[in-house]
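Enquirer: here are the coordinates; sequence isn't available:
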Ligand code: TMP
């Protein structure tokens, strides 16, 4: 079998050359890491679930006018995406205190924040993804001021939309991380688009009634039943792989 050219291997995904210029194939692994690679493991079936969940959420966001790199899902573990130049900034949006903001400011986990808070981190394992300000981002040339504006505006829209979508299926969107890329159009235009993935690997999702964690914190904190939690998110979204691609029904609204 002809081997495709591998472009990049990350902790949870691999990127291969795509079938036509300007495209890549994004392959979702079962590998999981936490705390900047210090904790490693596998979550059986995670890649299949994240491929589906990310496909579903990116498609919904495209429908409300958020440009993304997503083109189409190819198979259980792969999706076709547009080739972009990743902006090395992780944008985190928080609605409820958890994780590092709770540690940093001694806010009990679960405290609703007075308003959604956006933070930027420099995507660099060697430096442990430090939190950075707009001054660092523009000063070190990682992104231009108008690109930061676009990332901020899109991230807040993504937050509003996803918070509502998850609320409808009985899930609180506590926080999430997104990444953006520059899409170079043939006419010379450069567009900032949502890239990477949107999955329980990069979000905190809590059951609305019980506050049970349904995301990668189950792996980070050794809470067990990690795969089941990801499956439950997919089930509530109406996209559990077993149902097959033809009978995906979309979310079933809770009464
Ligand atoms: P934090 O509380 O650890 O800063 O994480 C905030 C959110 O960002 C949480 O939903 C997990 C996600 N995240 C990533 O996706 N990748 C990372 O490297 C980190 C540190 C957090």
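Expert: Sure thing, it's come through. Values in this document were obtained by computation on a predicted structure and should not be read as measured data.
Enquirer: helix, strand or coil for the closest residue to residue 101 other than its chain neighbours?
Expert: Excluding the flanking residues, the one nearest residue 101 by C-beta to C-beta, 6 or more residues apart in numbering is residue 94, at 5.9 Å. C-beta: built from backbone N, CA, C; applies to glycine. What DSSP: H, G, I helix; E, B strand; the rest coil gives for residue 94 is strand.
Enquirer: so what sits opposite residue 94 in the bridge?
Expert: residue 117, residue 175 (DSSP bridges).
Enquirer: what's near enough to touch it?
Expert: 101, 113, 116-119, 174-175 (C-beta atoms under 8 Å, 6 or more residues apart in numbering).
Enquirer: near the ligand, from those?
Expert: Counting by C-beta under 6 Å from any ligand atom, 101, 175 from these sit close to the ligand.
Enquirer: how about a markdown table for the contacts of residue 94, with distance to residue 43 and pLDDT added?
Expert: As requested, the contacts of residue 94 are exported to a markdown table (distance: C-beta to C-beta, whole Å; pLDDT from 0 to 100):
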| residue | distance to residue 43 | pLDDT |
| --- | --- | --- |
| 101 | 25 | 98 |
| 113 | 29 | 98 |
| 116 | 28 | 98 |
| 117 | 28 | 98 |
| 118 | 28 | 98 |
| 119 | 26 | 98 |
| 174 | 19 | 99 |
| 175 | 20 | 99 |
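Enquirer: closest to the ligand among the contacts of residue 94?
Expert: residue 175 (4.4 Å; C-beta to the nearest ligand atom).
Enquirer: would you pull up the residue in this structure closest to the ligand?
Expert: The ligand sits closest to residue 99 of the chain, with a gap of 2.3 Å, by C-beta to the nearest ligand atom.
Enquirer: I'd say that residue and residue 176 touch.
Expert: No. Between residue 99 and residue 176 there is no contact under C-beta atoms under 8 Å: 11.2 Å.
Enquirer: ok, the two, which is more surrounded?
Expert: Higher neighbour count among residue 99 and residue 176: residue 176, with 25 against 15, using other C-beta atoms under 10 Å.
Enquirer: all helices for this protein, in order.
Expert: 46-63, 100-105, 134-139, 145-167, 217-220, 226-237 (DSSP state H).
Enquirer: can the shortest one be found next to the ligand?
Expert: No. With C-beta under 6 Å from any ligand atom as the criterion, the ligand is not reached by helix 217-220; the gap is at least 8.0 Å.
Enquirer: ok so, going back, out of the contacts of residue 94, which are buried?
Expert: In these, burial by neighbour count holds for 101, 116, 119, 174-175, counting by 16 or more other C-beta atoms under 10 Å.
Enquirer: spatially, which two of those residues are the most separated?
Expert: Distance extremes for the buried ones among the contacts of residue 94: the farthest pair is 119 and 174 at 13.9 Å, using C-beta to C-beta.
Enquirer: contacting residues for residue 23?
Expert: 71, 80-83 are the contacts of residue 23 under C-beta under 8 Å, 6+ apart.
Enquirer: if we go to 6 Å?
Expert: Residues near residue 23 by C-beta atoms under 6 Å, 6 or more residues apart in numbering: residue 80.
Enquirer: dig out what it forms beta bridges with.
Expert: Residue 23 has these beta-bridge partners by DSSP bridges: residue 82.
Enquirer: report pLDDT for it.
Expert: Residue 23 carries a pLDDT score of 98 in this model.
Enquirer: now swap in the one 3 residues further on and tell me
Expert: In this prediction, residue 26 carries a pLDDT score of 98.
Enquirer: ok, it touching residue 82?
Expert: No. When contacts are counted by C-beta atoms under 6 Å, residue 26 is not listed as touching residue 82 (10.4 Å).
Enquirer: and those two? which has more neighbours close in?
Expert: residue 26 (27 against 19).
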